[in-house]
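K.L.:
structure, please.
(chains A and B)
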Amino acid sequence: MKSRLLWRDTIGLGYRGILTRRGRSVLTAAGIAIGIAAIVAVLGISASGRADLLAVLDDLGTNLLRVTQGQGILGQSSGFPDGAAEMAGRIGPVSRYSATTLVDTSVRRSELIPELQTSGIGVFTAKDNLLDVLGGTMQEGRFLDAAADRLPVTVLGSVAAQRLGIRALDPQPRVYLGDTWFTVIGIVDALPLHPDLERAAFIGSTIAADLFDTTAAPSAIYLRVNPEVVEDVVDVLPASVNPESPDQVEITRPSDALAARKAAEEALTGLLVGLGAVALLVGGVAIANIMVMSVLERRMEIGVRRALGATRGHIRAQFLIESTLLAAAGGVVGVLLGAGITVAFAINRDLTLAVPVAGLFGSIGAALAVGALAGLYPAIRAARIEPAEAVRTG
Amino acid sequence: MSLIELSKVSKSYPGPPRVDALIDVDLRAEGGDSVAVIGPSGSGKSTLLHILGALDRPSTGSVRIADRDISELSDKQLSGLRANLIGFVFQDFFLLAGTTALENVAQGLLYRGVAARERRERAGHALETVGLAERMDHLPSQLSGGERQRVAIARAIVGNPSVVFADEPTGNLDTKTGSGIVDVLLNLNAAGTTVVVITHDREVAARFDREISIRDGRIAGERSS
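P.N.:
Here you go, the predicted model:
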């Protein structure tokens, strides 16, 4: 002679328990929902942001080095010797290299604009492989090539083009460079790692030497290096490019800035997820509280159920399921809320939407675990209630 | 063999103050009996009913229900006994608020592992038996006291128990309504179910075959017709 409660009915009891106290259930589940929404939104937003950051890093590569000449202790700048770029290119792990030289002139829309008004645009010489080394692409037209090296043509960085008011190459625009009209043959796409080159006008080194007496000594050298030995290359670079004063050589790795940003965002994400977890915990405590109260209020129901044949286990299961369902409902609402916030944020900031699947399932799981844990103590208390005591009225 | 057999049953609550609710009670009920336990409040009759119905265990003495020794059964087995053999009716009805009469009655089969559809079907029949066929979809708050008690009786009998225990079933009802409830219980008894009622109302008690008086935790006398 056994007492049996079907699983379906146990779940039904929990469900009914939640529905009969609707207002209270909504308030109780709200705590869990807020915690889960916070976690999901933080994970989603940071995943979306990171996806973009990683894409940029992947695109640009982390093996690009930029070598410039700093100043000596007395403020003097010796400059690289001629052929410094070729010296750097001869280091084994360097796969590609290119160099630019600052040209002592300015670029203007026309001769009517005073020469001092440079709009912050620098003029640099460039070789045909510069864009390839930088990992840049053309927005319009083409980059300088060997044929263009001696001609009065220029390629503009994206910001430079904007400042000069040039958007399209048709009809062929011209800019006033020094005191010569140069034809613009191309505009380079944004170069997120090289803001200085976005504000540059590139011309061939031959014409730069002809018109502006520019030397062949580079002002900046760009190197693509075997990613595994970047540090080693950094060690030997100064002596190679400037044997006379290696201490003045400055080497930067533009991707480091992005990597630092990524690390900072990850730390922030960790912190915010931690806050979400705290909210979840508080939600769990709220559920436990309400369930303990509920057990006290429902002594009569518990007594009647025991009289009808419920075992202690059945009562325990009923309350455990009820709190778990409550938390699960909060969890689902929280995930939807968090996902909504993520989507809205991604659209607003024009980020690539990345769904942290593990995070979604993880947070639902966390909500279930919190609900079950929160319900444990109240359920045990409910099961301990003596039926004869619970149904006694007189 | 008796359906229920109490011998030398005592129940005390370790206070302070210590309360001896039952002292050396011997009692037998056979299948088909209709029994009224009568006594003033505080005489221990509710405690007696809880022990008779396997809802509580005695401090000393032995209880046998359907030839099983209660002291040898686990809590789980006692629950099984209640689910299958015993029905309870309480003075305050103890219906689930916000739940229809039909669903309330169907709860009586919940712990037998009966599927939902069959539970509702049998609950409908039980409500017909107590004369509430037209009130199945009403909530307890929409029913009168007498109707609520009939719902509670239907819940107790929906599983065809061998014995129904009713704790002051007419206590919260006026005389006429109470009399109707006694009719329902006696009809049940006529159909073969053992009925044990606790009451402090002499008129109610007089309508049962056996009348056991209890005073200060001891059986004070018995009339049987």
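K.L.:
all contacts plus neighbour counts: C-alpha atoms, from now on.
P.N.:
OK.
K.L.:
what parts of chain B come near chain A?
P.N.:
Taking C-alpha under 8 Å from any C-alpha of the partner chain as the contact definition, chain B meets chain A at B:41, B:46-47, B:50, B:55-56, B:75-77, B:79-84, B:87-88, B:90-92, B:94, B:96, B:98, B:107-115, B:156.
K.L.:
among those residues, which are in helices?
P.N.:
Judged by DSSP state H, helices contain the following of the residues of chain B next to chain A: B:46-47, B:50, B:75-77, B:79-84, B:156.
K.L.:
check the residues of chain B next to chain A for burial and list the buried ones.
P.N.:
Among the residues of chain B next to chain A, the ones that count as buried by 16 or more other C-alpha atoms under 10 Å in any protein chain shown are B:46-47, B:50, B:55-56, B:75-77, B:79-84, B:87-88, B:90-92, B:94, B:96, B:107-114, B:156.
K.L.:
just the helices in chain B please.
P.N.:
Using DSSP H, helices in chain B cover B:45-52, B:75-85, B:101-106, B:116-129, B:145-157, B:175-190, B:202-206.
K.L.:
closest to A:L197 out of the ones you listed?
P.N.:
With respect to A:L197, and counting by C-alpha to C-alpha, the nearest of the helices of chain B is helix B:116-129 at 75.5 Å.
K.L.:
measure how far the closest one is from the centre of its chain, please.
P.N.:
20 Å (C-alpha atoms, centre = their mean, to the nearest Å).
K.L.:
list the buried ones in it?
P.N.:
So helix B:116-129, judged by 16+ other C-alpha under 10 Å, has buried residues B:A116, B:R119, B:R120, B:R122, B:A123, B:G124, B:H125, B:A126, B:L127, B:T129.
K.L.:
show me what contacts the fifth one?
P.N.:
Applying C-alpha atoms under 8 Å, 6 or more residues apart in numbering or on different chains, one finds that B:A123 lies in contact with B:L102, B:E103, B:V105, B:A106, B:A154, B:R155, B:V158.
K.L.:
ok, and the closest non-adjacent residue to the third one?
P.N.:
Yep, that's B:V105 we're talking about. B:R155 (4.0 Å; C-alpha to C-alpha, 6 or more residues apart in numbering or on different chains).
K.L.:
wouldn't that neighbour be in contact with B:A106 here?
P.N.:
Yes - in terms of C-alpha atoms under 8 Å, B:R155 counts as a neighbour of B:A106; the distance is 6.8 Å.
K.L.:
name the surrounding residues that touch stretch B:111-120.
P.N.:
By C-alpha under 8 Å, 6+ apart, stretch B:111-120 touches A:2-6, A:308-310, B:83-84, B:102-103, B:106-107, B:109-110.
K.L.:
if we use 7 Å, what do you get?
P.N.:
Applying C-alpha atoms under 7 Å, 6 or more residues apart in numbering or on different chains, the contact partners of stretch B:111-120 are A:S3, A:R4, A:L5, A:L6, A:G309, A:A310, B:A83, B:L102, B:A106, B:L109.
K.L.:
and the pLDDT for the residue lying closest to the first one once chain neighbours are set aside?
P.N.:
The spatial neighbour of A:S3 that comes closest, neighbours along the chain excluded (C-alpha to C-alpha, 6+ apart), is B:G80 at 4.1 Å. The pLDDT attached to B:G80 in the predicted structure is 94.
K.L.:
any idea how far B:G80 is from B:L110?
P.N.:
Distance of B:G80 to B:L110, given as C-alpha to C-alpha, to the nearest Å: 12 Å.
K.L.:
nearest to A:I341 among the buried residues of helix B:116-129?
P.N.:
Nearest member of these to A:I341, counting by C-alpha to C-alpha, is B:A116, at 41.3 Å.
K.L.:
ok, now which ones touch the residue nearest to B:V105?
P.N.:
B:N104, B:V105, B:A106, B:G108 are the contacts of B:R155 under C-alpha under 7 Å, 6+ apart.
K.L.:
please repeat the previous calculation with a cut-off of 10 Å.
P.N.:
A:308, B:87-89, B:95, B:101-109, B:123, B:126-127, B:149 (C-alpha atoms under 10 Å, 6 or more residues apart in numbering or on different chains).
K.L.:
and if you look at A:K262?
P.N.:
Counting by C-alpha under 10 Å, 6+ apart, A:K262 makes contact with A:S46, A:G49, A:R50, A:L53, A:L54, A:D256, A:L268.
K.L.:
same check, this time on A:A257
P.N.:
Residues counted as contacts of A:A257 (C-alpha under 10 Å, 6+ apart) are A:L193, A:A263.
K.L.:
which helix or strand contains it?
P.N.:
Secondary structure from DSSP states H and E places A:A257 in helix A:255-297.
K.L.:
quick one: mean pLDDT for that helix?
P.N.:
Helix A:255-297 carries an average pLDDT of 84.
K.L.:
packing partners of the following helix or strand past it?
P.N.:
Heading C-terminal from helix A:255-297, the first helix or strand you meet, by DSSP H and E, is helix A:299-307. If you count contacts as 3 or more C-alpha pairs under 10 Å, 6 or more residues apart in numbering or on different chains; DSSP states H and E, helix A:299-307 packs onto helix A:255-297, helix A:312-349, helix A:357-384, helix A:387-390, helix B:75-85, strand B:86-89.
K.L.:
winner for burial among the ones you listed?
P.N.:
Greatest average neighbour count among the helices and strands packed on helix A:299-307 goes to strand B:86-89 (a mean of 26), per mean count of other C-alpha atoms under 10 Å in any protein chain shown.
K.L.:
parallel or antiparallel, list what pairs with it.
P.N.:
Sheet partners assigned to strand B:86-89 using DSSP bridges are listed as strand B:163-167 (parallel).
K.L.:
and the stretch 1-150 of chain A, which residues reach chain B?
P.N.:
Residues of the stretch 1-150 of chain A found near chain B (C-alpha under 10 Å from any C-alpha of the partner chain) are A:M1, A:K2, A:S3, A:R4, A:L5, A:L6, A:W7, A:R8, A:D9, A:T10, A:R16, A:T20.
K.L.:
dump these to CSV, plus distance to B:L173.
P.N.:
Output for the residues of the stretch 1-150 of chain A next to chain B, formatted as CSV (distance: C-alpha to C-alpha, whole Å):
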residue, distance to B:L173
A:M1, 35
A:K2, 35
A:S3, 33
A:R4, 34
A:L5, 34
A:L6, 36
A:W7, 38
A:R8, 37
A:D9, 33
A:T10, 34
A:R16, 30
A:T20, 28
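K.L.:
buried only: go through those residues for me.
P.N.:
The neighbour count (16+ other C-alpha under 10 Å) marks A:K2, A:S3, A:R4, A:L5, A:L6, A:D9, A:T10 as buried among the residues of the stretch 1-150 of chain A next to chain B.
K.L.:
alright, that wraps it up for me.
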